[in-house]
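Novice: The sequence isn't on hand, but the structure is:
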């Protein structure tokens with residue numbers, strides 16, 4: 001799961017959203033300095049990732065993507081699931097997408113004072129460039145993958161990613177449709193058991 005899914009699964013709590021945003025960006029002592037309710041969001045982010053990585057349906061999709069993209073199969077499926085979440089948005093989320101994005105951006109910007117500088121710049125860039133809307137179109141997805149290339153040691157393994165998403169469109173969509181309700185159930189455990197002060 002990538003940014004959109006994590007932020008959607010935690011949309012019922014601003015602090016959990018902030019923690020889910022920070023989940024891959026902070027380590028060790030940086031996490032320890034966060035308020036307990038935001039740390040809970042980091043733990044939620046990591047639980048979502050563990051569940052997704054171990055899910056048998058996701059592994060089937062990743063095996064398909066591995067044929068062309070090798071070790072980046074899981075990265076590609078994580079990003080792709082955000083696009084398929086948007087395509088099925090009304091099935092899973094009662095809040096209209098534009099309202100959700102504006103609320104989410106507001107939560108992230110309000111929390112920037114507690115973030116380390118690098119994460120603060122990242123959050124500001126997300127809002128200014130409207131990253132969440134990139135997942136809504138094929139053109140936006142192209143931009144997401146192009147921005148990823150410089151961060152990879154083997155960017156050539158992203159070659160043909162758009163063809164792969166077209167080829168495996170049905171398989172990825174079906175997987176999202178069965179996976180996301182499971183993740184919503186996981187997210188509900190954080191709704192029902194907030195952290196102690």
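Specialist: Arrived safely, thanks for sending. In this text, all values refer to a predicted model and were calculated from it rather than measured experimentally.
Novice: Name the helix or strand of the chain that has the lowest mean pLDDT.
Specialist: When the helices and strands of the chain are scored by mean pLDDT, DSSP states H and E, helix 28-32 comes last with a mean of 84.
Novice: How about that helix, which residues are buried there?
Specialist: Using 16 or more other Cβ atoms under 10 Å as the test for burial, helix 28-32 gives residue 31. Where C-beta positions appear, they are placed from N, C-alpha and C, glycine not excepted.
Novice: Which neighbouring elements make contact with it?
Specialist: Counting by 3 or more Cβ pairs under 8 Å, 6 or more residues apart in numbering; DSSP states H and E, the packing neighbours recorded for helix 28-32 are helix 36-54.
Novice: Name the residues that touch the helix it packs on?
Specialist: Contact with helix 36-54 is made by 1, 5-6, 9-10, 13, 15-24, 26, 31-32, 34, 58, 74, 78, 111, 114, 179, 182-183, 186-187, 190, 194-197, as judged by Cβ atoms under 8 Å, 6 or more residues apart in numbering.
Novice: what residues does the lengthiest helix in the chain touch?
Specialist: Assignment by DSSP state H gives helix 169-192 as the longest helix of the chain. By Cβ under 8 Å, 6+ apart, the residues outside helix 169-192 that reach it are 1, 5, 9-10, 12-13, 16, 40-41, 44, 47-48, 51-52, 55, 57-58, 60-61, 64, 77, 80-81, 84-85, 87-88, 91-92, 165.
Novice: do stretch 149-167 as well
Specialist: With contact meaning Cβ under 8 Å, 6+ apart, stretch 149-167 is reached by 64-65, 68-72, 76, 80, 83, 138, 141-142, 145, 148, 172.
Novice: per-residue confidence averaged over that stretch?
Specialist: Averaging pLDDT along stretch 149-167 gives 96.
Novice: and that stretch, which residues are buried?
Specialist: For stretch 149-167, using 16+ other Cβ under 10 Å, the buried residues are 157, 158, 161, 164, 165.
Novice: what do you get for stretch 135-145?
Specialist: Neighbour-count burial for stretch 135-145, counted by 16+ other Cβ under 10 Å, picks out 135, 136, 140, 141, 144, 145.
Novice: Quick check: of these, which lies closest to residue 98?
Specialist: residue 136 (10.4 Å; Cβ to Cβ).
Novice: and the closest residue to that closest one other than its chain neighbours, how many neighbours?
Specialist: Nearest non-adjacent residue to residue 136, counting by Cβ to Cβ, 6 or more residues apart in numbering: residue 86, 4.9 Å away. The number of residues packed near residue 86 is 21, by other Cβ atoms under 10 Å.
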